[in-house]
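>>> next one to model:
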Amino acid sequence: MSLVRLNIKGISYSQTQNGAYALILNELDGDRKLPIVIGAFEAQSIAIALEKEIRPPRPLTHDLFKNFSDRFDIVVKQVIIHKLVDGVFYSSLICERDNIEEIIDARTSDAIALALRFDAPIFTYKNILDKAGIYLKVDPTKEEDPDNILIEDILNEDIELEPSQDDYFSKTVEELHNLLDEAVTNEDYEKAAKIRDEISKR
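Below is the predicted model:
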């Protein structure tokens, strides 16, 4: 399977869902975008890495990982988004130490936050881009600006966001337990925590 290189276009936001962000990746030699829904913490970490002039007073989690890796001569060479299952992207960090290469499983948002700190390229497979890539309709009167791309624009392209906490209210306890099992299986612990909170309220 052929790899396609991606660039970070920007981070979009939701005007209707509080705390919902989407990372917009753009294929290097094309017009398709790959939107990936991420959490607020990861969005902040990626935004800080994109804005080179912003220096947090203490290291963020991804900065700590970078400092740790530098100390032990570990280099992240590239990130590959290698799988898409039920709307969840799976990624790998390709790392190297003493000329020995290791592949480490990672959440896509974490992998990209680290790729930025290591100046590592980001790739996905062509079949994933064929399946999940979209062409965002941009107002021709405006310059294309990732800050003007809202998650609502992505929704218009039939890309599903995960349900908000309010959506869990209408589910039965049994349905919530099934969703919780699915979230844990997919290693989506942020979603699992929200579902667990809703179950606890019942």
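
>>> please enumerate the helices of the protein.
Assigned by DSSP state H, the helices in the chain fall at 40-50, 61-71, 108-118, 126-132, 151-155, 165-168, 173-185, 189-201.

>>> out of these, indicate the one that is most buried.
Most buried of the helices of the chain, by mean neighbour count (mean count of other CB atoms under 10 Å): helix 108-118, with a mean of 24. C-beta: built from backbone N, CA, C; applies to glycine.

>>> which secondary element of this protein has the worst mean pLDDT?
helix 151-155 (a mean of 48; mean pLDDT, DSSP states H and E).

>>> how about the nearest residue to residue 65, chain neighbours excluded?
residue 114 (6.2 Å; CB to CB, 6 or more residues apart in numbering).

>>> my read: that neighbour touches residue 120, true?
Yes - counting by CB atoms under 8 Å, residue 114 sits close enough to residue 120 to count as a contact (7.4 Å).

>>> give me the common contacts of the two.
76, 79 (CB atoms under 8 Å, 6 or more residues apart in numbering).

>>> might one say that residue 184 is in contact with residue 192?
Yes - using CB under 8 Å, residue 184 is in contact with residue 192, at 5.3 Å.

>>> okay, the residue minimising distance to the centre of the chain and residue 45: tell me how far apart.
Closest to where the C-alpha atoms of the chain average out (CA atoms, centre = their mean) is residue 109, at 3.5 Å. Remark: distance between residue 109 and residue 45 (CB to CB, to the nearest Å) = 8 Å.

>>> contacting residues for residue 192?
Taking CB under 8 Å, 6+ apart, one finds 180, 183, 184 in contact with residue 192.

>>> compile those residues into CSV and extend it with columns for distance to residue 32.
Putting the contacts of residue 192 into CSV (distance: CB to CB, whole Å) gives the following:
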residue, distance to residue 32
180, 33
183, 28
184, 31
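
>>> from the residues you listed, which single one is nearest residue 3?
residue 183 (28.9 Å; CB to CB).

>>> now do the same contact list for the closest one.
When contacts are counted by CB under 8 Å, 6+ apart, residue 183 touches 189, 191, 192, 195.

>>> tell me the pLDDT of the nearest residue to the second one once chain neighbours are set aside.
The shortest distance from residue 191 to any residue other than its chain neighbours is 4.4 Å, reached at residue 183 (CB to CB, 6+ apart). Note for residue 183: predicted pLDDT of 80.

>>> residue 183 and residue 58, how far apart?
The gap separating residue 183 from residue 58 is 30 Å, by CB to CB.

>>> do you know how far residue 39 is from residue 193?
The gap separating residue 39 from residue 193 is 10 Å, by CB to CB.

>>> can you report how many residues lie near residue 52?
8 (other CB atoms under 10 Å).

>>> give me the mean pLDDT for stretch 109-121.
Across stretch 109-121, pLDDT averages out at 96.
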